[in-house]
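**Q** only the shape, not the letters, is given here:
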Ligand code: 1BN
Ligand code: ZN
């Protein structure tokens, strides 16, 4: 009986469509994160934020690890923690979907980062729930990054992207960088007037897949054809040779002001990004599983048409060889 139920459950899983991104749930996460208040790196509030993220991952049945370290900023030494949630796939090779959960430190006003720091964390939590019940060909890592924001007022030198630089350095050191096939970054995706431009630093084929998916879904009013160049958490990954893309709406008036609150963001914007990302994912996975490793170098497997032609030619050669060397047989 138990076995029969298991078979039925597996069969249902195989035929039922994966669950959809639910912006209502994402919005609830966002509301609760913003309610914590300002959440700068090293603060008790970011610890509280992390506890919320961990509680929600446990509730979703997704396992995670904490990557903690102390980093020297221009102001002070700060305890930072990346949260790495893993959803196993058929393969060990992995796709990282990342976003930051810290908010920028402002002493002059109360900065709660609804879009900037809140939207990415809330989005990843809802994605955890969705991807957990999906059949994933590659392992998916949901990476909640600490220390994206500069500690000083301006974004300069190395005073930013602490979490992504640390993650890449550790992955390089422990050898896990080789199995990291792609990185997708979401940042500031809550803007109620959503408009995401292509980023000029991001990997073109990956950007194309996402923007073409948006166009197919008539969402090109939100995924715009215009390009810009954004320095963000994807740069350390690109520098390490990992194809990466930044999905960010920087045309956001309340950016780094006291007005980056719930009033400035919408659940609909999270839904749009969720729908596009989940629709683009199979295309990204197809592209990544199409290539095979041969003699240590990554090459593209030839198109099936080419394989058929090569096989036909080989068969002709073998037939020719056989007829030349074998005594002819009367039919
Ligand atoms: C994104 C959100 N960023 C900071 N908060 C990165 C960034 C810094 C983007 C400077 C543009 C300019
Ligand atoms: Zn910011």
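**A** Good, I have the coordinates. All figures in this text were calculated on a predicted structure; none of them were measured in a lab. Ligands and ions are numbered 1, 2, ... in the order given.
**Q** run through who's touching the helix or strand hosting residue 126.
**A** Using DSSP states H and E, the element containing residue 126 is helix 120-132. Applying C-beta atoms under 8 Å, 6 or more residues apart in numbering, the contact partners of helix 120-132 are 18-23, 25-27, 29-30, 33, 49, 53, 56-57, 60-62, 85, 87, 97-101, 140, 142-144, 186-190, 270, 273-274, 277-278. For the C-beta atoms, the positions are set from N, CA and C on the backbone; glycine is no exception.
**Q** only the buried subset of those, as a PyMOL command please.
**A** To isolate the buried members of the contacts of helix 120-132 in PyMOL, using 16 or more other C-beta atoms under 10 Å:
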select buried, resi 18+21+22+23+25+26+27+29+30+33+49+53+56+57+60+62+85+87+97+98+99+100+101+140+142+143+144+186+187+188+189+190+270+273+274+277+278
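**Q** give me the subset of the contacts of helix 120-132 lying in helices.
**A** 23, 25-27, 29-30, 33, 49, 53, 56-57, 60, 270, 273-274, 277-278 (DSSP state H).
**Q** in a helix, residue 115, correct?
**A** Yes. The assignment for residue 115 (DSSP: H, G, I helix; E, B strand; the rest coil) places it in a helix.
**Q** list the contacts for it?
**A** When contacts are counted by C-beta under 8 Å, 6+ apart, residue 115 touches 188-191, 249, 252, 254-255, 260, 264-265.
**Q** try it again with 10 Å
**A** Contacts for residue 115 (C-beta atoms under 10 Å, 6 or more residues apart in numbering) come out as 30, 34, 187-192, 194, 248-249, 252, 254-255, 260-262, 264-266, 269-270.
**Q** picking that back up, starting at the chain centroid, how far to the helix holding residue 126?
**A** 10 Å (C-alpha atoms, centre = their mean, to the nearest Å).
**Q** need the mean per-residue confidence for it.
**A** Averaged across helix 120-132, the pLDDT comes to 98.
**Q** the spatially closest residue to residue 67 that is not a sequence neighbour sits in which helix or strand?
**A** Sequence neighbours aside, residue 82 is the residue nearest to residue 67 in space, at 4.2 Å (criterion: C-beta to C-beta, 6 or more residues apart in numbering). Per DSSP H and E, residue 82 falls inside strand 77-87.
**Q** just checking: what are the partner strands of that strand?
**A** Under the criterion DSSP bridges, strand 77-87 sits next to strand 63-72 (antiparallel), strand 138-145 (antiparallel) in its sheet.
**Q** distance from the chain centre to the last one, please.
**A** Mean-position distance between strand 138-145 and its chain equals 6 Å (C-alpha atoms, centre = their mean).
**Q** and for the first one?
**A** Averaging C-alpha positions (C-alpha atoms, centre = their mean) puts strand 63-72 18 Å from its chain's average.
**Q** relative to residue 279, how far out is the residue lying closest to residue 269 once chain neighbours are set aside?
**A** Once flanking residues are discounted, residue 269 sits nearest to residue 194: 4.2 Å by C-beta to C-beta, 6+ apart. According to C-beta to C-beta, to the nearest Å, residue 194 and residue 279 sit 16 Å apart.
**Q** tell me the SS of the residue of the chain found nearest ligand 1?
**A** At 4.1 Å from ligand 1, residue 155 is the closest residue in the chain, using C-beta to the nearest ligand atom. With three-state DSSP as the basis, residue 155 sits in coil.
**Q** tell me the mean pLDDT for stretch 85-97?
**A** Stretch 85-97 shows a mean pLDDT of 98.
**Q** what about that stretch, distance to the chain center?
**A** 11 Å.
**Q** test my guess that residue 20 contacts residue 275.
**A** Yes. Taking contacts as C-beta atoms under 10 Å, residue 20 lies within contact range of residue 275: 7.7 Å.
**Q** so the spatially closest residue to residue 149 that is not a sequence neighbour, which of the three states?
**A** Distances taken as C-beta to C-beta, 6+ apart place residue 104 nearest to residue 149, at 4.0 Å, with adjacent residues excluded. Following three-state DSSP, we place residue 104 in the coil state.
**Q** cool, the one 3 residues further on as well?
**A** Counting by three-state DSSP, the backbone at residue 107 sits in coil.
**Q** give me the neighbour count for it.
**A** By the measure other C-beta atoms under 10 Å, the count of residues near residue 107 is 8.
**Q** and it, what is it in contact with?
**A** By C-beta under 10 Å, 6+ apart, the residues touching residue 107 are 38, 40, 153.
**Q** residue 89 is in contact with residue 281, correct?
**A** No. When contacts are counted by C-beta under 10 Å, residue 281 is not listed as touching residue 89 (11.2 Å).
**Q** okay, the two: which has more neighbours?
**A** residue 281 (24 against 19).
**Q** just give the closest residue to the spatially most central residue of the chain, not the sequence neighbours.
**A** Nearest residue to the geometric centre of the chain (C-alpha atoms, centre = their mean): residue 97, 1.7 Å. Sequence neighbours aside, residue 184 is the residue nearest to residue 97 in space, at 4.8 Å (criterion: C-beta to C-beta, 6+ apart).
**Q** I'm done for today, thanks for sticking with me.
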